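[1] Sequence and predicted structure, then a few things I'm wondering about:
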Amino acid sequence: MEKGSDIQILITDTHRMYAEGLKAMLRMKRRLGNPLVAASSDEALQIMEQQPVDLLITNVQLNGVSGIDLVRKVKEKFPCTKVLTVTPKDEPDILYEIAGAEAEGFILKNAGPDQFFKAINQVLSNHTFYGDYSLPGLLRGMVKPGKNGFSQNEYGLTQMETEILRLVVRELTDIQIANILKMNPSTISRYRKIIYRKTETQTLVGLFRYALENHLE
């Protein structure tokens with residue numbers, strides 16, 4: 001994780017005691033700053049309208065309202081915000097929804113501190129965290145192939161952009177990709193922006209989906 005103590009985390013959970021307990025646990029790590037707490041989807045969105053949030057940690061159930069809907073709204077309005085969902089069970093149906101909403105990861109509600117810190121570190125470092133599950137495997141059951149079976153890449157990405165995309169969906173950092181391709185990390189960063197624009201995606205999970213749809217994984 002490259003950021004320092006200026007990281008802003010927002011915890012959204014109907015159960016205030018759980019949210020406050022998680023907040024207290026995260027404050028043990030100075031680099032995670034002072035997390036905010038919201039008790040509802042509406043409150044979370046209001047907070048995010050007022051200030052930038054680097055990471056949203058949200059329960060998948062918020063007083064009968066789907067936390068997945070909150071994830072979708074956040075990804076639509078604040079695509080740069082990372083999302084880690086909290087779920088009581090790792091049932092496939094729930095995980096399909098989480099991946100479909102393009103959350104960067106999930107963690108079980110009864111997970112211990114070490115697992116929580118690992119998940120947060122992964123997500124804030126531009127990686128995904130789906131535990132023992134394969135994110136491409138989850139997405140593969142939801143994607144549709146390119147039109148007429150042809151990859152959109154044939155008239156979209158250049159050969160270099162395609163190669164970088166394949167490395168991005170392997171969740172390599174800009175520095176790692178730069179080392180492989182013998183390029184400057186800042187150049188890789190610029191390529192990432194171009195790839196996001198051309199593929200009309202805004203998240204890492206969105207790029208996974210695009211790559212699967214166009215057989216570029």
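    Perfect, I can see it now. Numbering: from 1, shown residues only.
[2] And the next helix or strand past the longest helix belonging to the chain?
    Longest helix of the chain, by residue count under DSSP state H: helix 185-199. The helix or strand immediately downstream of helix 185-199 is helix 204-213, counting by DSSP states H and E.
[3] burial of the residue lying closest to residue 73 once chain neighbours are set aside, as a residue count?
    Once flanking residues are discounted, residue 73 sits nearest to residue 45: 6.5 Å by C-beta to C-beta, 6 or more residues apart in numbering. (C-beta placed from N, C-alpha, C; glycine too.) A count of neighbours around residue 45, defined by other C-beta atoms under 10 Å, yields 17.
[4] how near is residue 45 to residue 87?
    Distance, residue 45 to residue 87, by C-beta to C-beta, to the nearest Å: 20 Å.
[5] check contacts around the residue nearest to the spatial centre of the chain.
    The structure's the chain has its C-alpha centroid closest to residue 104; by C-alpha atoms, centre = their mean the separation is 2.1 Å. Under the criterion of C-beta atoms under 8 Å, 6 or more residues apart in numbering, the neighbours of residue 104 are 82-84, 123, 127-129, 203-205.
[6] Those residues in helices, which ones?
    In this view, the contacts of residue 104 that belong to helices under DSSP H are 123, 204-205.
[7] Tell me the one among those residues nearest to residue 27.
    Sorting these by how near they are to residue 27, with C-beta to C-beta, puts residue 123 at the top with 18.0 Å.
[8] Tell me if I'm right that that closest one and residue 82 touch.
    Yes: here residue 123 lies in contact with residue 82, judged by C-beta atoms under 8 Å, at a distance of 4.8 Å.
[9] Going along the chain, name the helices of this protein.
    For the chain, the helices defined by DSSP H occupy 16-26, 41-50, 67-77, 92-100, 113-124, 135-140, 159-168, 174-181, 185-199, 204-213.
[10] Residues contacting the first one, please?
    Contacts with helix 16-26, where a contact means C-beta under 8 Å, 6+ apart, come from 9, 11-13, 32, 35, 37, 39, 57, 109, 113, 116, 120.
[11] again, but for the shortest one
    Residues from elsewhere that reach helix 135-140 (C-beta under 8 Å, 6+ apart): 92, 95-96, 99-100, 128, 130, 169, 205, 208-209, 212, 217.
[12] in that helix, what counts as buried?
    Taking 16 or more other C-beta atoms under 10 Å as the neighbour-count basis, helix 135-140 is seen to contain the buried residues 135-136, 138-139.
[13] Same question for the longest one.
    In terms of neighbour count (16+ other C-beta under 10 Å), helix 185-199 has its buried residues at 188, 191-192, 195-196, 198-199.
[14] The fifth one too?
    Buried residues in helix 113-124, counting neighbours by 16+ other C-beta under 10 Å, are found at 116-117, 119-120, 122-124.
[15] what's it packed up against?
    For helix 113-124, the contact count by 3 or more C-beta pairs under 8 Å, 6 or more residues apart in numbering; DSSP states H and E identifies helix 16-26, strand 55-59, strand 82-87, strand 105-108 as packing neighbours.
[16] Count the residues that sit near residue 59.
    For residue 59, the number of neighbouring residues by other C-beta under 10 Å comes to 20.
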